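Asks: Would you be able to build a 3D model of this:
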Amino acid sequence: MSKNHRLYLCAPVNAIVEGIYEERIPFSEIKHHGDFGLGTFDMLDGEMVMLDGHIYQMTADGRVEEVDDDALTPFSCVTFFNPEQPIESTTELDFEGFLKWLQNPLPSPNIFYAFRLSGEFAYMKVRSVPKSECYIPLVEIAREQPVFEFRDIRGTLAGFYTPEFMASISVPGVHLHFLSEDLKHGGHLLECRPRHISGAIQPIHTIELALPTTPYYLNWDFRRDVRRDLEKAEK
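Replies: Predicted coordinates for the structure are as follows:
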């Protein structure tokens, strides 16, 4: 299988949900495994989206900055994006309709998919988590997350579909980050109403998971079921 059809995660998402926000993995390492994806930054300092090898940090105060390869991450999910199935919608959709439209073409719920969609949005609602200390559970930080709303905005949604049974590894279901066309706004998608969008889907049959080696991670007890926390934090 080509590396273009491989998903790489530098840590399981459960580590982030539990509050392990410092792994100090440089994006120079992440880029060996992909040019497209999403994630966050050390100490949970905002949302990350990677497009065409460019890494953008969307901070809790609403700023967007392109960062270099020395920036650090505790969780990133990336692939070399190689689109296989084009998709397009020319009808304005509510959020529920958008999610159905996006998932209808998927041949199976039991593999991963990468999505990249660009175009016009009548409405966009995103969040970006604030910088935090370790060991504060993500669900608690998400209660105070800054939320940003935009109307009549152009931009790109990038992200993945993860099978439900992989919930300890990556966010289950559809997980997308948004970046505006002018590179001024973005964040973790909470809701949208696309007006005219097009893009592509890439099926992914192979995953590579790197397990951190820091004392925080190695000594943590991961037996707690964090599915409910993850759902609250991500939705």
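
Asks: Leaving out chain neighbours, which residue sits closest to residue 207?
Replies: Excluding its sequence neighbours, the residue lying closest to residue 207 (CB to CB, 6 or more residues apart in numbering) is residue 7, at 4.6 Å. For the C-beta atoms, the positions are set from N, CA and C on the backbone; glycine is no exception.

Asks: Do I have it right that that neighbour meets residue 208?
Replies: Yes. Residue 7 is within contact range of residue 208, at 7.0 Å (criterion: CB atoms under 8 Å).

Asks: between the two, who's got more neighbours?
Replies: Between residue 7 and residue 208, residue 7 has the larger neighbour count (other CB atoms under 10 Å), namely 26 against 12.

Asks: For that one, give me its contacts.
Replies: Neighbouring residues of residue 7 by CB atoms under 8 Å, 6 or more residues apart in numbering: 77-79, 112, 114, 160, 204, 206-208.

Asks: got a pLDDT number for the spatially most central residue of the chain?
Replies: Residue closest to the average C-alpha location in the chain (CA atoms, centre = their mean): residue 38, at 3.8 Å. As predicted, residue 38 sits at a pLDDT of 98.

Asks: is it true that it lies in a strand?
Replies: Yes. According to DSSP: H, G, I helix; E, B strand; the rest coil, residue 38 belongs to a strand.

Asks: From residue 189, how far off is it?
Replies: To residue 189, residue 38 is 10 Å away according to CB to CB, to the nearest Å.

Asks: what residues are shared contacts of those two?
Replies: The contact sets of residue 38 and residue 189 overlap at 159, 176-177 (CB under 8 Å, 6+ apart).

Asks: Now intersect these with the helices, please.
Replies: The helices, defined by DSSP state H, take in nothing from those.

Asks: of those, closest to residue 138?
Replies: residue 177 (15.8 Å; CB to CB).

Asks: so what's residue 128 up against?
Replies: Going by CB under 8 Å, 6+ apart, residue 128 touches 46-47, 58-60, 62, 145-146, 148, 186-188.

Asks: change it to 10 Å
Replies: 40, 44-48, 57-64, 145-148, 177, 186-188 (CB atoms under 10 Å, 6 or more residues apart in numbering).

Asks: where in this protein is pLDDT low?
Replies: 1-4 (pLDDT under 70).

Asks: out of the contacts of residue 7, which is most surrounded?
Replies: Among those, the one with the most neighbours (other CB under 10 Å) is residue 77, at 30 neighbours.

Asks: in what helix or strand does that one lie?
Replies: Element membership for residue 77, per DSSP states H and E: strand 76-79.

Asks: After that strand, heading C-terminal, what element do we hit next?
Replies: Criterion used, DSSP H and E; the element after strand 76-79 is strand 85-89.

Asks: Which neighbours in the sheet does that next one have, and how are they oriented?
Replies: In the sheet, strand 85-89 lines up against strand 186-204 (antiparallel) (DSSP bridges).

Asks: Check the secondary structure at the residue nearest to residue 207 for me.
Replies: Assigned with three-state DSSP, residue 7 falls in the strand class.

Asks: what about burial for the contacts of residue 128, which qualify?
Replies: Among those, those scoring as buried are 40, 44-48, 57-60, 64, 145, 148, 177, 186-188 (criterion: 16 or more other CB atoms under 10 Å).
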